[in-house]
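>>> Any chance you could fold what I've pasted below:
(chains A and B, ligands or ions: 2)
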Amino acid sequence: MKKIGISFFLPIVIPVLFIILWHELALSIDNKVILPQVKDVLSLLLHPGQELISMGSLLSNVLVSLARVLTGYLLAVIIAIPLGILMGYYTKIFKLFNNFLGLFRPIPPLAWVPLVLAWFGVSSMATLCALEKGQLYIYLNNLKLSMVFIIFIGSFFPVLTSSIYGVTTVRKTLLDSAQVLGANQLDIFRKVLLPAAAPSVVNGMRIGLGVGWMCLVSAEMLPGSISGVGYLITHAYTLARTDIVIAGMISIGAVGAALDYLFRNLEEKRFKWQYLSR
Amino acid sequence: MMGVKEKMTNSKLIPEIRIENLYKTFVTNKGQEVAALRDINIDIYSNNFICLVGPSGCGKSTLLRIVAGLEKASSGNAIYKNKKIDSPSSKIGLVFQEYSLLPWRTVLENVGLGLEFKKISFNKIKKIAGEYLELVGLSQFAGAYPYELSGGMQQRVAIARALANDPEVLLMDEPFGALDAHTRILLQKELLRIWEKNRKTIVFVTHSVDEAIYLADRIIVMSSRPGKIKQCIDIEMPRPRNRANPLYGKMSEQILDMLEEESSLATPLAELAVN
Ligand SMILES: Nc1ncnc2c1ncn2[C@@H]1O[C@H](COP(=O)(O)OP(=O)(O)O)[C@@H](O)[C@H]1O
Ligand SMILES: [Mg+2]
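Ligands and ions are numbered 1, 2, ... in the order given. This next block holds a predicted model:
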């Protein structure tokens, strides 16, 4: 009984201490620009729908950010997974791409910003779709190509690397045994290679989404942006609204952790065999 | 009349698998050449149970992989029913030495794998796979995953998977090598029971002489690397064979002597002594 109690409370000890410390510090500093009170930030988080500093609500800005990340991320996934699987399976394709991609891999996503701004400026998915008004225009115009590109770059390499790894580490005996049972090339891909590589691919997807999410927030802090949590934080800072800055940061952390949790959950449920097999 | 007779004698005389003048040389990553098999000639006839014994590293697995179509001979041929073997086919099954089940599939789904490749309907696959699972005595584990089974059970599933594909020839590469002595003897009996029922041609690799004598119609002894055929021995003891039979012991001694010769030839110390 006692053991269960301890293991239940253990994970919340540090957060509680942290909040108490924050509370005490805020009281003693008594300057809400340097450190706002816990209850002020909490009230912002508890009312995510309320209008803030004429920028829309916290929730709507988080949603704009999420839409941007998912667009860039999905593009990355759609390209990186098939490419990674082919590179992992066919040595020739690996040799064809590896050096080239290896040059781009070490470039931090944010180092692309100047170039990307020069290329895309403020054009958005709406520009691509040749839309100039309407509800859809408002949505699509938030998806700036420059941001989508930065997120794409950030998500791309983790997904690619782990897809390659997933395929190259498939046990040869599994491929051989499918072949002697009469599998053709398509069978091998669908019934052996893909399921065997899936845990690694999904792991890469989780990491890629995390990196994309981090890139987005930094990208939104750049000039030219007018919405999203990243921009909300920057703008709140210029208005000395530290409470909004902190509430924004907490939202970013919470959304990132939630996305990560969803993936981990999936991995645990679907890929139990991987941890349990010898 | 003549035609029928000819056909009958033909099927008796023409080997199901013929290996002729087969050589295999591997080139390692460093560019070194490793001779694995040298001038192998074997004829294997339908319905026979052949055991291949030899010191480890003599090329037994390589030979099986060539017959299965997974590896190409450097020169010479492996022929199945008058056709050169150059790629895997579902006519020739192979049970691997190491565990080879797909870990994300249940036992039943693993047994049905080969049938899926044949594009057989889902319900039929389930039925056939279930039958073969019953044949190896694992019906109650149909829904289990490989990691929930012992090593011996996993090998039984692998055998069921190979048999469900209904191959003409079943190649088995030390399938019981990793099992404890008790399980091993159990599975030997089980394999013979299955073989007597469906009479597939079996080529069974083992390094256990006892196992070979218990199972085989014919034992092929290979010499150490590069592997050559040293001798073929027909075992004519009636089945089921009794390990207490004096003939069993004599055979065993004879083959062990042959293998010992091999291993002493392979050690440099012995070579020095000879010189
Ligand atoms: N892919 C390979 N590349 C290089 N050498 C190999 C390869 N496969 C097997 N060999 C070598 O060929 C010889 C025979 O191997 P193998 O057929 O596995 O022997 P056995 O099954 O009788 O123990 C060994 O010396 C082994 O090192
Ligand atoms: Mg071997």
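>>> any idea of the pLDDT on the residue nearest to residue A:131 when sequence neighbours are not counted?
Counting by C-beta to C-beta, 6 or more residues apart in numbering or on different chains, residue A:131 lies nearest to residue A:137, which is 4.4 Å off, once chain neighbours are set aside. The way it works is simple: take the backbone N, C-alpha and C, and place the C-beta from them, glycine included. Residue A:137 is assigned a predicted lDDT (pLDDT) of 76.
>>> Give me the contacts around stretch A:131-150.
Stretch A:131-150 is contacted by residues A:64, A:67-68, A:71-72, A:75, A:109-110, A:112-113, A:116-117, A:119-129, A:215-216, A:219-220, A:224-225, A:227-228 when judged by C-beta atoms under 8 Å, 6 or more residues apart in numbering or on different chains.
>>> In PDB, could you pull the C-alpha coordinates for it?
Listed next in PDB are the C-alpha coordinates belonging to stretch A:131-150 (Å, rounded to 0.1, in the frame of the first residue of the first chain):
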ATOM      1  CA  LEU A 131      -7.200  32.600 -53.200                       C
ATOM      2  CA  GLU A 132      -7.700  36.300 -52.400                       C
ATOM      3  CA  LYS A 133     -10.700  36.400 -50.100                       C
ATOM      4  CA  GLY A 134     -13.200  34.300 -48.200                       C
ATOM      5  CA  GLN A 135     -13.000  32.200 -45.000                       C
ATOM      6  CA  LEU A 136     -10.600  29.700 -46.600                       C
ATOM      7  CA  TYR A 137      -8.300  32.500 -47.500                       C
ATOM      8  CA  ILE A 138      -8.100  33.600 -43.900                       C
ATOM      9  CA  TYR A 139      -7.100  30.100 -42.800                       C
ATOM     10  CA  LEU A 140      -4.700  29.400 -45.600                       C
ATOM     11  CA  ASN A 141      -3.100  32.800 -45.300                       C
ATOM     12  CA  ASN A 142      -1.900  31.900 -41.900                       C
ATOM     13  CA  LEU A 143       0.100  29.000 -43.300                       C
ATOM     14  CA  LYS A 144       3.100  31.100 -44.500                       C
ATOM     15  CA  LEU A 145       5.300  29.100 -46.900                       C
ATOM     16  CA  SER A 146       8.500  30.300 -45.100                       C
ATOM     17  CA  MET A 147       7.300  28.800 -41.800                       C
ATOM     18  CA  VAL A 148       6.000  25.600 -43.400                       C
ATOM     19  CA  PHE A 149       9.400  25.200 -45.000                       C
ATOM     20  CA  ILE A 150      11.300  25.700 -41.800                       C
END
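>>> Same list, the contacts of stretch A:131-150, but only the ones touching chain B.
Among these, proximity to chain B is found for none (C-beta under 8 Å from any C-beta of the partner chain).
>>> Please type out the ChimeraX selection for whichever of those residues turn out to be buried.
Buried residues among the contacts of stretch A:131-150 (16 or more other C-beta atoms under 10 Å in any protein chain shown), as a ChimeraX selection:
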select /A:64,67,68,71,72,75,109,110,112,113,116,117,120,124,125,126,127,215,216,219,220,225,227,228
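>>> that older thread, roughly how far is the helix or strand hosting the residue nearest to residue A:131 from the heart of the chain?
Assigning secondary structure by DSSP states H and E places residue A:137 in helix A:135-141. Relative to its parent chain, helix A:135-141 has a centroid offset of 22 Å by C-alpha atoms, centre = their mean, to the nearest Å.
>>> and the gap between the residue lying closest to residue A:129 once chain neighbours are set aside and chain B?
In space, residue A:129 comes closest to residue A:140 once its chain neighbours are excluded; the distance is 6.1 Å by C-beta to C-beta, 6+ apart. To chain B, residue A:140 is 40 Å away according to C-beta to the nearest C-beta, to the nearest Å.
>>> Burial check on residue A:140, number of neighbours?
Counted with other C-beta atoms under 10 Å in any protein chain shown, residues neighbouring residue A:140 total 19.
>>> Could you do the one 3 residues further on as well?
The local packing of residue A:143 (other C-beta under 10 Å) involves 19 other residues.
>>> Repeat that for residue B:136.
22.
>>> Show the contacting residues for it.
B:156-157, B:159-160, B:190, B:194.
>>> Ok, residue A:57 next?
Counted by C-beta under 8 Å, 6+ apart, residue A:57 has contacts A:48-51.
>>> Apply 6 Å and report the result again.
A:49-50 (C-beta atoms under 6 Å, 6 or more residues apart in numbering or on different chains).
>>> residues making contact with stretch B:157-172?
A:181, B:64, B:68, B:90-95, B:100-101, B:107, B:110-111, B:114, B:128-129, B:132-133, B:136, B:200-204.
>>> again with stretch A:206-221
By C-beta under 6 Å, 6+ apart, stretch A:206-221 touches A:65, A:68-69, A:73, A:109-110, A:147, A:150-151, A:154-155, A:158-159, A:228, A:230-231, A:234, A:252, A:256, A:259, A:263.
>>> if we look at ligand 1, which of the residues you listed are close to it?
Among these, not one lies near ligand 1 by C-beta under 6 Å from any ligand atom.
>>> State the distance from the residue in chain A sticking out farthest from the centre to residue A:84.
For chain A, the residue at maximal distance from the C-alpha centroid (C-alpha atoms, centre = their mean) is residue A:180, at 41.3 Å. Going from residue A:180 to residue A:84 by C-beta to C-beta, to the nearest Å gives 27 Å.
>>> Quick one: low-confidence residue ranges for the stretch 1-150 of chain B.
The stretch 1-150 of chain B contains residues with pLDDT under 70 at B:1-12.
>>> ok, which residues in it are in contact with chain A?
B:68, B:70, B:88, B:90, B:94, B:96, B:98, B:100, B:103-104, B:113-114, B:117, B:145, B:147 (C-beta under 6 Å from any C-beta of the partner chain).
>>> Give me the subset of those residues that lies in strands.
residue B:94 (DSSP state E).
>>> Take the residues of the stretch 1-150 of chain B next to chain A and keep only those in helices.
Assignment to helices by DSSP state H places the following of the residues of the stretch 1-150 of chain B next to chain A there: B:68, B:113-114, B:117.
>>> Relative to ligand 1, which residue of the stretch 101-250 of chain A is the closest?
Using C-beta to the nearest ligand atom, the closest approach of the stretch 101-250 of chain A to ligand 1 is made by residue A:172 at 9.8 Å.
>>> And the pLDDT for that residue?
Looking at residue A:172, its pLDDT stands at 94.
>>> and it, how many residues sit next to it?
For residue A:172, using other C-beta under 10 Å, the count is 10.
>>> With residue A:47 instead?
Counted with other C-beta under 10 Å, residue A:47 comes out at 12.
>>> Same question for residue B:236.
Counted with other C-beta under 10 Å, residue B:236 comes out at 8.
>>> That one: what secondary structure?
coil (DSSP: H, G, I helix; E, B strand; the rest coil).
>>> Return the residues in contact with it.
Here residue B:236 is in contact with no residues (criterion: C-beta under 6 Å, 6+ apart).
>>> can you tell me how far it sits from ligand 1?
Separation of residue B:236 from ligand 1 (C-beta to the nearest ligand atom, to the nearest Å) stands at 26 Å.
>>> which non-adjacent residue is nearest residue B:177?
residue B:97 (5.7 Å).
>>> gap between the one you found and ligand 1?
Taking C-beta to the nearest ligand atom, one finds residue B:97 at 8 Å from ligand 1.
>>> who touches the host helix or strand of residue A:42?
Element membership of residue A:42 [criterion: DSSP H and E] is helix A:38-46. Applying C-beta under 6 Å, 6+ apart, the contact partners of helix A:38-46 are A:22-23, A:243, A:246-247.
>>> and those residues, which are buried?
A:22, A:243, A:246-247.
>>> For chain B, what lies in contact range of ligand 1?
Residues of chain B lying near ligand 1 (C-beta under 6 Å from any ligand atom): B:26, B:28, B:34, B:36, B:54, B:56-62, B:225.
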